[in-house]
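Chemist: Make a model of this:
(chains A and B)
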Amino acid sequence: MTLTVDRPPAPPSPAPAPRRPRLRKPTGRGLLNFVVICILLYLVLGPLLMLFVTAFEDTKNGVFITPPYPWTGANLSQVFGHSQTYSVLGTTLIFSGGALVFAFALSLTFAWLVERTDLPLRNSVFVLLVAPQGIPGVIMGVSWSLLLNPTNGMINLGLRHVTGDTSHGPLNVYSLPWMIIVEGMKIVPLTFLLVSASLRGINASLEEAARASGASFGTVVRRVTLPLLKPALVGALIYEFVAVVETVDIPLLLGVRGHVKVLSTQIYFASHPAVGLPNYGLSATYGGFLLLLAVVPIVVYNRIVRSGSHATVTGKTFRPKEHKLGRWKPVAVVVTWSYICVSFFVPFLVLLWTSMQPYVSEINAAAFHRLTFKAYGKTMSSGLFTTALKNTVLVAFFSAAMAMILAILVSWIIVRSRSRFSWMADVLAFMPHAMPGVVIGLAVLMIYLIMPGPIYGTFWIIVIAMGTQYISLGTRLTTSGIAQIQRSLEEAAEASGASHWQVWRRVLLPLLRPVFLNGFLLVLLASVQNLTLPIMLYVPGNQVLSSLIYSRWSSGDVSGTAVTSVVVTAITVVAAIVLRRASGARTVA
Amino acid sequence: MSGIKVEQLFHTYDDHGRTVVAVDHIDFEVAENEFFTLLGPSGCGKTSTLRCLAGLETPSDGLIELDDVAVFSPRKVVPTRRRDIGMVFQDYAVWPHMSVFDNVAFPLKIAKKRMSSSAIKDAVHDALELVNMTEYVHRRATQLSGGQQQRLSLARALVRQPKVLLLDEPLSNLDAKLREQMRKELRMLQRRIKVTTVFVTHDQVEALSMSNRIAVMRNGVIIQVGGPRDIYLAPNSEFVASFIGATTFFRGEVTSVDALNHRVTLRTPVGELVCAADEIPAVGENIAAAVRPECIKIAQEPDPAMNNIDGQVDIGLFVGEAVDYHVVVGDEIVRVKGDPRSRFRRRDKVFLEIDPHDCVLIRPDAPVPGAGDPSEATLAELVEQP
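Modeler: Residues are numbered from 1 along each chain as shown, chains lettered A, B, ... in the order given. Below is the predicted model of the structure:
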């Protein structure tokens, strides 16, 4: 023995004995991971697979998922060999590009005015710019058509007094430019919310440093503010791009009468023709095309974000010195409040007005005497309305529950479980974000057409589609929610003798309640407003309010449409207020 | 009867596809009611070891017995909830949605064996009394200060009277004053209630002052196990000597040995050094003498009974209880803890007096276990396994 006490000689190696294979019982956690990932695979990859199989099938006699497959290239050649496809694609790009330019120009201006200048009543402006988020797109379409349709649109009726024309126009909402404007106004609230949040996140001292270096106002905006905003702007742009190309509400309500065709409506009409049999193969091919259009920018964006070549804006920020508008102040005030009136008050008032008129007319003294609630009684007592209301509530509730329960489990797998498969959960839960709703709707429709069982033709088919679509939204919230809960809170429960279920019930779920509630309400609100999935999956009996509005509108029942729209707006506004309260409470707690 | 037994514990984890050995075949035993400390720098595997004991990590291989019950072997894993443990976490892990009472009552409420609510109430009261927290019983957990949360978390760990108490750096988030106070309280409490305790820390003062025995860890292996005095006064390696206290190493060659008087003479770059040694090295061997700053006396005149090394004061920092002198000796700087009344100035020529008994001989060339090669070897071993 030497002076030093060495550690005992090399560990007696157990090497000679062949290592016994470790056969441990599957743990509760492993089972949970497995089940959740299987559910995700079914919900997310199932539709994609269905879409691709169908695109290559001759679906005259239906869709087949067992041999013999009626393989054909006819759908592809019909889509890609037809010049109409390219004009549709062109229209889709002009429509979405135009709406994005319109919405981002307005949102950037308003965000700058609200966040950086001495615009009066900034808080009210903020709330009123975001408020139209509560009005579903289908209702926006209805009210703008009431205002601007060439036959008896209220604004047109008023303008005709000026122009002297008596029969038609002068404005026509059933045209591509007006579709762009209405769609643009539809997406302004969310765009404004995203842009102003990131503008607030930029440390104003960066701008002030530029100004102190002698840069003019224009130079500061061009060289400092916009480059700093770029990552957030690109992110918002891509998000809204996907939202616009997949939208069916404005294209259906305004585009169809004006013969303006976009990809999303092509998918709808191929699978839901007014006359004849649905051509699912053709619809699926269009769907694949649209999916590609949505996926490519998202993949590119994720590449950019991951490469880290963009600057992240972090750190404590303070409210900067307000930019004095000076003599431009009155201009800014007038522009801002005019926009608020046009985008929020006017559309809502025209609905209210129409819902209380026995027939469509312009606003005059005689019309005031005709105000009546008769249409409310008639519409709301109809069996169709009560069914739709009941279905809406059930669909919204179950979709929100499904999306959020899955989201919490998925997030737990992503954040906590050190499973080898957690990346799969991550990818699968993100994919619905890039899948246009109309594509999900089509694929889910085809799956349950084939699958025996009671799903097709009930509201459950809508629940499954919506639950799938909103998993990615829910997962975003719950992943950050779970990441904020220290792991040791779970471990302390385990060390206190708690089983997995007890850890969930007593520690995780109570701590996640605010996040869950917030996400639940968000999905609830989104699913009440969603028109795409209900009309893609419509069969008599699973009517919800949004699809009811569309069918009333298509059948020419104007006052019924208006009444239903007012009711839906009331519901969504209440839900939005509750949501605000709930998320407000979260920031306090 | 043994409190804890760990044999050949081997634990790896996956870091972005790379297998990292956290704990490399370590063995130790903890006697019943002993206060046993795992001490080491961050990343040495001490926390991983503790988490293996708790069952929060599943080791790759080895054996763990808690209170004579095997809780881990390659064939059997007892889940955390069935281990008879109490655990205190570094961040306390106090549940923010529960009151103080509910936090402490949790382990009793979820137990398989139902307890009456009055029995739970009594047990919670007793546990809170142990940590002097009874008056806070109805507070919300979020209304407590850091020190109070720490006590609460200790009460929660003790409430079901576990056989083993596991403490994962419980004091490191407290401020200095509170830490000192909790050190004493924790140790007294542990003596009073008699519970086998494993304590993880990177703070040498905590380890020395609280433990019955200390295991110093580095790179997943235990370098030295012993009582606080052994570890401090007779470190077995440069690593242990330098990790615990600021130690100066005088490296040199053995020129002569006096086996009768247990004296060894070293020739070092700064002069001859006589060291006391229990075990005598061979003449010609390269060896280092480790000397602690408080064992060196700084003086103007040499003392013939001692080793005398001449140097020049680089700087003297008055810290209150002492003067922290940095003295240039040859090419090196030696730290000396000088008397607070001493007043040597920069560039003063001084003698450093060292008692031969304070020179601890350490073989510098002995490969430090766990450093570099050994862990790579086990990595290779791991890869080869089918």
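Chemist: Show me the strands in the stretch 301-450 of chain A, by range?
Modeler: Taking DSSP state E, counting those that start in this stretch as the criterion, the stretch 301-450 of chain A contains no strands.
Chemist: Show me what residue of it gets nearest to chain B.
Modeler: Nearest residue of the stretch 301-450 of chain A to chain B (CB to the nearest CB) works out as A:Arg418 at 7.7 Å. For every residue, glycine as well, the C-beta is placed using N, CA and C.
Chemist: what's the biggest helix by length in chain B packed up against?
Modeler: Looking across chain B with DSSP state H, the single longest helix is helix B:176-193. Applying 3 or more CB pairs under 8 Å, 6 or more residues apart in numbering or on different chains; DSSP states H and E, we find helix B:176-193 packed against helix B:146-158, helix B:204-210.
Chemist: hmm, try it at 6 Å
Modeler: Packing contacts for helix B:176-193, counted by 3 or more CB pairs under 6 Å, 6 or more residues apart in numbering or on different chains; DSSP states H and E, involve helix B:204-210.
Chemist: Look up how far chain B lies from A:Ala105.
Modeler: 43 Å (CB to the nearest CB, to the nearest Å).
Chemist: For the most centrally placed residue in chain A, which non-adjacent residue is spatially closest?
Modeler: With distances taken as CA atoms, centre = their mean, A:Ala243 lies nearest the centre of chain A, 6.2 Å away. Leaving aside its chain neighbours, A:Ala243 sits nearest to A:Ile187 (6.5 Å; criterion: CB to CB, 6 or more residues apart in numbering or on different chains).
Chemist: Could you give the number of residues near the residue in the stretch 201-350 of chain B that chain A sits nearest to?
Modeler: In the stretch 201-350 of chain B, the residue that lies nearest chain A is B:Asn236 (4.4 Å; CB to the nearest CB). Per other CB atoms under 10 Å in any protein chain shown, the neighbour tally for B:Asn236 reads 25.
Chemist: before we move on, what about A:Ala429?
Modeler: Using other CB under 10 Å: A:Ala429 sits among 29 other residues.
Chemist: Over to B:Val78?
Modeler: Neighbours of B:Val78 (other CB under 10 Å): 16.
Chemist: any idea of the pLDDT on it?
Modeler: Looking at B:Val78, its pLDDT is 90.
Chemist: measure the nearest residue to it once chain neighbours are set aside to B:Gly62 for me?
Modeler: Spatially, and ignoring its direct neighbours in sequence, B:Val78 is nearest to B:Val71 (4.1 Å; CB to CB, 6+ apart). Distance, B:Val71 to B:Gly62, using CB to CB, to the nearest Å: 11 Å.
Chemist: can you check A:Arg418 too?
Modeler: 20 Å.
Chemist: Among the two, which residue is more densely surrounded?
Modeler: B:Gly62 (20 against 10).
Chemist: After the strand or helix carrying the more buried one, which helix or strand is next? Please name it.
Modeler: Element membership for B:Gly62, per DSSP states H and E: strand B:61-66. Counting by DSSP H and E, the next helix or strand C-terminal to strand B:61-66 is strand B:69-73.
Chemist: Sort out which residues of stretch A:384-404 are buried, please.
Modeler: A:385, A:387-389, A:391-392, A:394-396, A:398-404 (16 or more other CB atoms under 10 Å in any protein chain shown).
Chemist: Tell me where the model's unsure across the chain.
Modeler: Looking at chain A here, since you left the chain open. A:1-28, A:61-68, A:165-166, A:305-321, A:360-362, A:580, A:582-589 (pLDDT under 70).
Chemist: wait, I meant chain B there
Modeler: B:1-2, B:364-386.
Chemist: got the residues of it near chain A?
Modeler: Contact residues (CB under 6 Å from any CB of the partner chain) of chain B with chain A: B:8, B:25, B:54, B:56, B:80-81, B:87, B:89, B:91, B:93, B:95, B:97, B:106-107, B:110-111, B:236, B:279, B:361, B:363, B:366, B:369, B:385.
Chemist: Just the buried residues of these.
Modeler: B:8, B:25, B:54, B:56, B:80-81, B:87, B:89, B:91, B:93, B:95, B:97, B:106-107, B:110, B:236, B:361, B:363, B:369.
Chemist: Now, the residues you listed that are in strands?
Modeler: Among those, the ones falling in strands (DSSP state E) are B:8, B:25, B:87, B:361.
Chemist: Put together a markdown table for these, with distance to A:Ser499 on each row.
Modeler: A markdown table is the format used below for these (distance: CB to CB, whole Å):
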| residue | distance to A:Ser499 |
| --- | --- |
| B:Gln8 | 30 |
| B:His25 | 32 |
| B:Met87 | 16 |
| B:Leu361 | 54 |
